[in-house]
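J.: sequence first, then the predicted structure, then my questions.
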Amino acid sequence: MNTRRILLRAFTVAPLLFGTAAIASEMTYTPDAFEAAQKAGKPILVHVTAPWCTVCAAQKPILAKLEAQPRFKDLQVFDVDFDSRKDVLKRFGATMQSTLITFKGEKETGRSVGETQPEWIEGAVEKAL
């Protein structure tokens, strides 16, 4: 009984501790939107995710915190569904969910797979600036 209460409290408090907010500027990938962001010279993050991926779920609040910082205000985040967008995965050469790919305009500046350490994710995203 005690264990159940502890688990219920943990599930209740977890969203408050880790955040549940989605990235405000995150959008589903479309070739036109991506190319427009590239031509505008924007910093870009392509996040390959899957709804069943626990690593992806861990990455989202970290990315949301970064996106809320003024230095990342222009960051364009494109969400690519691992299960349904095989065409996009092929275009980017992404073979796993939880992949982060950064661009500065038209140039790819970095790639990370399966990372959940906030400082490492921040370092990866900074490469787009």
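T.: Alright, I've got the coordinates.

J.: which residues in this protein form strands?
T.: In the chain, strands defined by DSSP state E lie at 26-28, 43-49, 76-81, 99-104, 107-113, listed in chain order.

J.: parallel or antiparallel, list what pairs with the fourth one.
T.: Pointing back at strand 99-104 there. strand 43-49 (antiparallel), strand 107-113 (antiparallel) (DSSP bridges).

J.: that strand vs strand 76-81, what angle?
T.: Counting by axes from the mean of the first three to the mean of the last three C-alpha atoms, to 10 degrees, strand 99-104 lies at 150 degrees to strand 76-81.

J.: most packed of the strands paired with strand 99-104?
T.: Neighbour counts (mean count of other C-beta atoms under 10 Å) averaged over each of the strands paired with strand 99-104 peak at strand 43-49, with a mean of 23. Where C-beta positions appear, they are placed from N, C-alpha and C, glycine not excepted.

J.: so Q69 versus A40, what's the distance?
T.: Using C-beta to C-beta, to the nearest Å, Q69 is found at 20 Å from A40.

J.: hmm, I typed the wrong one, I wanted S98.
T.: When C-beta to C-beta is applied, the distance between S98 and A40 equals 27 Å.

J.: compare these two and say which is more crowded by neighbours.
T.: S98 (22 against 11; other C-beta atoms under 10 Å).

J.: can I assume the more buried one is in contact with A57?
T.: No - S98 is beyond contact range of A57, at 9.3 Å (criterion: C-beta atoms under 8 Å).

J.: between the strands of the chain, which one is nearest to E119?
T.: Using C-beta to C-beta as the criterion, the shortest distance between E119 and the strands of the chain is 12.1 Å, found for strand 107-113.

J.: output the closest one in CSV, but only the C-alpha positions, please.
T.: Written as CSV, here are the backbone C-alpha positions of strand 107-113 (Å, rounded to 0.1, in the frame of the first residue of the first chain):
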residue,chain,number,x,y,z
LYS,A,107,24.5,23.7,-43.5
GLU,A,108,24.2,20.7,-41.2
THR,A,109,26.2,21.6,-38.0
GLY,A,110,25.7,18.6,-35.8
ARG,A,111,23.9,15.4,-35.0
SER,A,112,23.2,13.5,-31.7
VAL,A,113,21.3,10.2,-31.1
